[in-house]
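1. Fold the stuff below for me.
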Amino acid sequence: MTTETDHKKALEFFKKSNPTLYNDTEQMRIKMLELEACTKNETNLPAKSIYVQGRNLLACALGVELLPEIEIPEEKEMTMDEINAIRIVPNQKITVVIVDDRPNEVQVMISVLESWPNVRVWPIIGEITQCSPRKTAGLLTERENRVSTICLLDEAIGQIKGSDVAKFLNELGFVGILASITSGEKPAFTDFHFGDKNKMAGNYFIKKFVEFINQLIREERQ
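-> Okay, here's the model as predicted:
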């Protein structure tokens, strides 16, 4: 809950950071009404809360009534049984390849996939970093191109890059789904990115990973 002291501090910051708007009552009123309209149209609670906070800051400066703050309920952490229940089971056996150079960062992902019905896991960890991107791509296509395959690529894989491996896979006619599991920004070779592999100590992020794999399985079915 935002206190009166919080409002005063926010107003002081607003006054210092944007004095032009702060001293223009008409523009503040216009901005406030725009944000108010956004709060009415927005259904996503976190986004709605941000709109309300911005609107109320301007309302404080104008001396008008504040809107009630948006309460965002805490998401209850699911149990592993509940998480397993939301898994999509592929119609036929598929292979999920994990290409990374740090076993400790993907061990939880491997464990989750090993218990997934109709999913075979092929971890390529460590030794692949000594290969060239072209040789790595050749290894994958030679062994896996005859089955439905999801390939999860880290970006910085020792001396090679996941983006380069993806490039050669596409040139070799790889027919599977390419996805990124780098902790950095999503690379250009894919629309699918899971960036939380370093946070999978709790069920919240395991659930996010399961939802990510569900998305890839849906894509593979198309």
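
2. What residues sit buried inside the helix or strand hosting Phe212?
-> Phe212 is located in helix 203-221, with elements delineated by DSSP states H and E. Residues 205-207, 209-210, 212-213, 215-217, 220 are the ones in helix 203-221 that count as buried (16 or more other C-beta atoms under 10 Å). C-beta: built from backbone N, CA, C; applies to glycine.

3. With stretch 77-84 instead?
-> Along stretch 77-84, the positions that meet the burial threshold by neighbour count (16+ other C-beta under 10 Å) are 78, 83.

4. just stretch 115-124 next, same as before
-> Under the neighbour-count criterion of 16+ other C-beta under 10 Å, stretch 115-124 has 116, 119, 121-124 buried.

5. From these, which land in strands?
-> The strands in this structure, assigned by DSSP state E, contain 119, 121-124 from the buried residues of stretch 115-124.

6. Dump the C-alpha coordinates for stretch 160-174 into CSV.
-> The C-alpha atoms that make up stretch 160-174 are tabulated as CSV, following Å, rounded to 0.1, in the frame of the first residue of the first chain:
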residue,chain,number,x,y,z
ILE,A,160,31.3,-21.6,-30.5
LYS,A,161,28.0,-19.8,-30.7
GLY,A,162,24.5,-21.2,-30.7
SER,A,163,23.5,-18.8,-33.5
ASP,A,164,26.2,-20.2,-35.7
VAL,A,165,25.1,-23.8,-35.0
ALA,A,166,21.5,-22.8,-35.9
LYS,A,167,22.7,-21.2,-39.1
PHE,A,168,24.5,-24.4,-40.3
LEU,A,169,21.5,-26.6,-39.1
ASN,A,170,19.2,-24.6,-41.4
GLU,A,171,21.7,-24.9,-44.3
LEU,A,172,21.7,-28.6,-43.8
GLY,A,173,18.0,-28.9,-43.9
PHE,A,174,17.2,-29.4,-40.2
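
7. Find the least confident helix or strand in the protein, judged by mean pLDDT.
-> Using mean pLDDT, DSSP states H and E, the weakest-scoring helix or strand in the chain turns out to be helix 133-144, at a mean of 68.

8. Pick out the most distant pair among the buried residues of stretch 115-124.
-> Of all pairs drawn from the buried residues of stretch 115-124, the greatest distance, 18.0 Å, lies between Trp116 and Ile124 (C-beta to C-beta).

9. All the strands of this protein, in order from the start?
-> In the chain, the segments counted as strands under DSSP E are 94-100, 119-125, 149-153, 156-157, 160-161, 177-180.

10. In a markdown table, list those strands along with distance to Glu65 and mean pLDDT.
-> As requested, the strands of the chain are exported to a markdown table (distance: least, C-beta to C-beta, whole Å; pLDDT from 0 to 100):
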| stretch | distance to Glu65 | mean pLDDT |
| --- | --- | --- |
| strand 94-100 | 54 | 90 |
| strand 119-125 | 55 | 88 |
| strand 149-153 | 51 | 91 |
| strand 156-157 | 52 | 86 |
| strand 160-161 | 55 | 86 |
| strand 177-180 | 47 | 94 |
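
11. what's the residue nearest to the spatial centre of the chain in contact with, if anything?
-> When the chain is reduced to its mean C-alpha position, the nearest residue by C-alpha atoms, centre = their mean turns out to be Phe194, at 5.3 Å. With contact taken as C-beta atoms under 8 Å, 6 or more residues apart in numbering, Phe194 is in contact with 152, 179-181, 208-209, 212.

12. same question, Met78
-> Listed by C-beta under 8 Å, 6+ apart, the contact partners of Met78 are 203, 207.

13. Can you show me the CA trace of stretch 189-203 as PDB?
-> Written as PDB, here are the backbone C-alpha positions of stretch 189-203 (Å, rounded to 0.1, in the frame of the first residue of the first chain):
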ATOM      1  CA  PHE A 189      17.700 -17.300 -35.100                       C
ATOM      2  CA  THR A 190      14.500 -18.100 -33.200                       C
ATOM      3  CA  ASP A 191      11.200 -16.800 -31.700                       C
ATOM      4  CA  PHE A 192      11.500 -19.200 -28.800                       C
ATOM      5  CA  HIS A 193      13.600 -18.300 -25.800                       C
ATOM      6  CA  PHE A 194      13.800 -19.500 -22.200                       C
ATOM      7  CA  GLY A 195      16.200 -17.300 -20.300                       C
ATOM      8  CA  ASP A 196      15.700 -18.600 -16.700                       C
ATOM      9  CA  LYS A 197      17.800 -21.800 -16.700                       C
ATOM     10  CA  ASN A 198      19.900 -20.400 -13.900                       C
ATOM     11  CA  LYS A 199      16.900 -19.900 -11.700                       C
ATOM     12  CA  MET A 200      15.400 -23.400 -11.700                       C
ATOM     13  CA  ALA A 201      15.900 -24.200  -8.000                       C
ATOM     14  CA  GLY A 202      12.200 -23.600  -7.300                       C
ATOM     15  CA  ASN A 203       9.000 -24.900  -8.700                       C
END
